[in-house]
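Q: Show me how the following folds:
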Amino acid sequence: MLQDTPLTAGQRVAARVEYHGGYFHGWQSQPKLTCPTVQEAVQEALSKVASTRVHTICAGRTDTGVHGFGQVIHFEDPVGRSPKAWVMGTNRYLPGSVRLHWAEPVSGDFHARFSAVSRRYRYIVLNTPVRSSLLDGLVTWCRHALDVDAMHQAASTLVGERDFSAFRAAGCQAFKPMRCVTHCAVVRMGDYVVIDIVANAFLLHMVRNIAGSLLAVGSGARPLSWLAEVLDKRDRRLAAETAPAEGLYLVRVSYPAQFDLPDTPEGPGLLRGWM
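A: Coordinates of the predicted model:
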């Protein structure tokens, strides 16, 4: 239940944001860009509630078309609103494609990005002969039958602390290509194939580049052993094309228990309970 007790001005607040990435040019605010971003929409709504400018920091900057279900942000409360006022008031000013689900006071050492211990993404592929009209923009479509067992075996080779240069976009600004993947699995649920991956952090386009290569294995275009070879050679040119953005969801960001944040469910119907 949302708390209705006003916070103290200056209190740091964490919040969970859900959004349909198809309506935005990514998360990050870009002053010279005329297309809307999720950060701009959220900050504008928060600022209306506060009657003054509010700046947000997010756990992960998602790309254009990528969806957020468990995105976490933090901001400083400049006026002392209650958690209920932040959620209900902000949602009043947000478009239907964005929603705050909770807002909680946190200690000053909490940081939405740097305090996170892991991020979980799921990539959803509709594997049917004909593309769905109702799911347009929500899933990636593949008409060719996919060998999920081969994809799953290939995905397991990515687990561990590795150099992911082979799946790193050219514009990535990360200082090092090392990332620790703790879980990477592929399952079929009826017409859907789901790639589920958890890591401490991700490089630019890393999940979509991995998804593109796993789809190459699943379609038979590449052998099962090929993915491990690409990883070892650390050359982005050897991997497959980047998979489309619309199938990708940021479903959960995990933090140390000391921050006592609300638990994030597994996601909407397309995501919940598959893993």
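Q: From here on, just use CA atoms for contacts and neighbour counts.
A: Will do.
Q: Do you have the helices of this structure handy? List them.
A: Using DSSP state H, the helices of the chain run over residues 38-50, 83-93, 148-156, 206-218, 226-233.
Q: what's the closest of these to residue 130?
A: helix 206-218 (17.4 Å; CA to CA).
Q: Show residues contacting that closest one.
A: Helix 206-218 is contacted from outside by 121, 123, 145-148, 150-151, 154-155, 164, 167-169, 195, 197, 222-224, 226-227, 239-245, 248, using CA atoms under 8 Å, 6 or more residues apart in numbering.
Q: Now list the buried members of these.
A: Among those, those buried by neighbour count (16 or more other CA atoms under 10 Å) are 121, 123, 146-148, 150-151, 154-155, 164, 167-169, 195, 197, 224, 226-227, 239-245, 248.
Q: circling back: so of the helices of the chain, which one's packed in deepest?
A: helix 206-218 (a mean of 24; mean count of other CA atoms under 10 Å).
Q: For the lengthiest strand in the chain, name the packing helices and strands.
A: For the chain, the longest strand by residue count, based on DSSP state E, is strand 178-189. When contacts are defined as 3 or more CA pairs under 8 Å, 6 or more residues apart in numbering; DSSP states H and E, strand 178-189 sits against helix 148-156, strand 160-163, strand 192-199.
Q: ok, back up a step: please identify which of the helices of the chain is closest to residue 252.
A: Going by CA to CA, the one of these nearest residue 252 is helix 206-218, 14.3 Å.
Q: Would you mind giving the helices and strands packed on strand 178-189 as CSV with distance to residue 114 and mean pLDDT added?
A: Putting the helices and strands packed on strand 178-189 into CSV (distance: least, CA to CA, whole Å; pLDDT from 0 to 100) gives the following:
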stretch, distance to residue 114, mean pLDDT
helix 148-156, 27, 97
strand 160-163, 18, 96
strand 192-199, 14, 96
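Q: Can you add distance to residue 73 and give these back as CSV?
A: Formatted as CSV, the helices and strands packed on strand 178-189 follow (distance: least, CA to CA, whole Å):
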stretch, distance to residue 73
helix 148-156, 30
strand 160-163, 26
strand 192-199, 19
